[in-house]
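> Turn this into a structure:
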Amino acid sequence: MVKKVVKTNPNLIELINKLYEQSRNEDAAIWKDVAQRLERSNRRTAEVNLSDIARYAKADETVLVPGKVLSNGDLENKVDVVALKFSAKAQEKIASAGGECISIEEIMESNPKGSNIRIME
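Below is the predicted model:
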């Protein structure tokens, strides 16, 4: 028997439902993938350090983290980072590198098809 994961944060539940709806309306599989990653148990939620983003992301790329971005490491390139949450220090470092911190809702509106987005965990 598989235990069903139940989220209690109403904002997160609403976001997951919006992602599934966007996936169906725009026929974009990326939003369904992100929704499934956000539905995971808290223990399996993504936490990505800036050092990982700096290592794998190219300049002027959009990186989506279905979880929290942490401030360990430095960011040299201008990278737009989309995430559920950011630590305060990570926001400062991303902004000082010329990048932008974007919420998942904002990127869904500005890029409904989800093109040219890299998912990192």
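> drop to CA atoms for contacts and neighbour counts, all remaining ones
OK.
> Ramachandran angles for Ala46?
Taking degrees, to the nearest 10, you get phi -70, psi 140 for the backbone angles of Ala46.
> Check whether it really touches Ala83, as I assumed.
No: if you go by CA atoms under 8 Å, Ala46 and Ala83 don't touch, sitting 9.8 Å apart.
> Report the set of residues contacting both of these two.
65-68 (CA atoms under 8 Å, 6 or more residues apart in numbering).
> out of Ala46 and Ala83, which sits in the busier spot?
Legend: neighbour count by other CA atoms under 10 Å for Ala46 and Ala83, higher for Ala83 (23 against 19).
> Run through the neighbouring helices and strands of the helix or strand harbouring the more buried one.
If you go by DSSP states H and E, Ala83 is part of strand 80-86. On a contact count with 3 or more CA pairs under 8 Å, 6 or more residues apart in numbering; DSSP states H and E, strand 80-86 meets strand 62-70, strand 100-103, helix 104-110.
> can you list contacts of the first one?
The contact list for strand 62-70 (CA under 8 Å, 6+ apart) reads 34, 37-38, 45-50, 53, 57, 79-87, 89-90, 116-121.
> Give me the buried entries from those residues.
34, 37-38, 45-50, 53, 57, 79-86, 90, 117-118, 120-121 (16 or more other CA atoms under 10 Å).
> how many other residues sit next to Ser115?
10.
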